[in-house]
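# Sequence first, then the predicted structure:
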Amino acid sequence: MAEIIIVDNEAEAGKLYADCVADLIRTKPDAVLGLATGSSPLAAYKALAAKVEAEGIDVSHVRGFALDEYLGLPLEHPESYHSTIHRTVVEPLGLNPELVHVPGDVLDGAPIEDGDKVAHAGEAYDAAIEAAGGIDVQILGIGADGHIGFNEPGSSLASGTRVKTLVQQTRVDNARFFDDDIDQVPTHCITQGVGTILKARHLVLLAFGENKAEAIAQTVEGGISAFCPASALQLHPHATIIVDEAAASQLRHKDYYRYAFAHKPAWQGI
C-alpha cells in the first residue's frame, strides 16, 4: 500500500519532496530524478531550489528524465515540455542541461508521420533510462480521470514509453496554454508508460484541490484498473501520495493515514 500523507497546503507538500530529494542527492550526487510538468509539481520544485541554494547542495551531477512530450512541437516552442522542464526545473535548480532529457529531444519537432524518427523513440528513451541506472525518485501529478503522464484511462499498466493519441478532453484542457486555440494543441504525444513509471525506485504523487478527490480515492482505495492508471501505484513497493485536505476529501480511511504518518519514525523520511 502507498503511504498517504495529508498536508495543509502545497508548500508543505513541496517541503516533504525537497527534503527527500536533498537527502538523496547528498548520498548519491549523480541521482536520477524523474520530472513532470503541470501545476502540481511546481511547489515541490520551488522548495527544492530554495533548499539547494540555502544549503549549498551540489547538483552538478544530478540527472533527469521527463515523463512526456508533445509530438510535432519544435523543442524551442515555449509550451514544449523540453522548454517547460528547463524553465521550471533546470534553471531554478541550476542543473546541468546536458544531463536532463525529455522524450522528444531525439525527435526535435518531428511530426507523427515521420516514422523513421518516431517509431523507435520510446524504446530508445527507456533504454537511456536503464543505461543511467534507473530513476531514483519520480514525481507525478494526476489528472481528474486518474491519468499519470499522458497515460489516459485504458492505458496498459505494463506499457513502456510510446507514442499516444491525446484524447479530445486533454487537448481542450491544454488549449489554455496555446492561446485558447485547440487547433494549436498537438494531437499526439510521447509518454513514459505506466510500466516505465513503476520501475522508478520511489514514486511521489502530488494532488491538490477538490477536482482531484475522486481520482485520488480511486487511486488509493479503489481496485487496480487500467481505467484509473494511477491505481497501479498500489503495486509499487515505495509510493508516496501527498494530498491536501480537498484532494483527500473522498478517502474513507483519512484518520488512519494521519495516525500512521504522525507516528512514523523521523529517520524513515518519506
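Yep, that arrived.

# starting at the chain centroid, how far to stretch 68-81?
17 Å (C-alpha atoms, centre = their mean, to the nearest Å).

# do stretch 101-116 as well
The chain centre lies 20 Å from the centre of stretch 101-116; the measure is C-alpha atoms, centre = their mean.

# which parts of it are buried?
101-107, 109-110, 112 (16 or more other C-beta atoms under 10 Å). Backbone N, C-alpha and C define where each C-beta goes, glycine included.

# Report the helix or strand with the lowest average pLDDT across this protein.
When the helices and strands of the chain are scored by mean pLDDT, DSSP states H and E, helix 115-118 comes last with a mean of 83.

# got the CA coordinates for that one in PDB?
Below are the C-alpha coordinates for helix 115-118, written out as PDB (Å, rounded to 0.1, in the frame of the first residue of the first chain):
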ATOM      1  CA  GLY A 115       8.000   7.000 -38.900                       C
ATOM      2  CA  ASP A 116      11.800   6.800 -39.200                       C
ATOM      3  CA  LYS A 117      12.200   9.100 -36.200                       C
ATOM      4  CA  VAL A 118       9.100   8.400 -34.200                       C
END
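
# Check which element follows it along the chain.
Next helix or strand after helix 115-118 toward the C-terminus (DSSP states H and E): helix 121-131.

# Could you list the buried residues of that next one?
So for helix 121-131, counting by 16+ other C-beta under 10 Å, buried means 121-122, 125-126, 129.

# which SS state does Asp164 fall under?
That one is not Asp; residue 164 is Lys. strand (DSSP: H, G, I helix; E, B strand; the rest coil).

# ok, now which ones touch it?
150-152, 155, 188-191 (C-beta atoms under 8 Å, 6 or more residues apart in numbering).

# how about 10 Å then?
68, 71, 122, 149-152, 155, 170, 188-191, 193 (C-beta atoms under 10 Å, 6 or more residues apart in numbering).

# Equivalent analysis for Ile135, please.
Counting by C-beta under 10 Å, 6+ apart, the residues that Ile135 touches are 31-35, 63-65, 129, 192, 196-197, 199-203.

# Then Phe208?
7, 9-10, 13, 39-40, 43, 141, 242-248.

# Next one: the most centrally placed residue in the chain, what pLDDT does it get?
Centroid-nearest residue in the chain, with C-alpha atoms, centre = their mean: Leu140, separated by 2.8 Å. Note on Leu140: pLDDT of 98.

# Pro237 now?
Note for Pro237: predicted pLDDT of 97.
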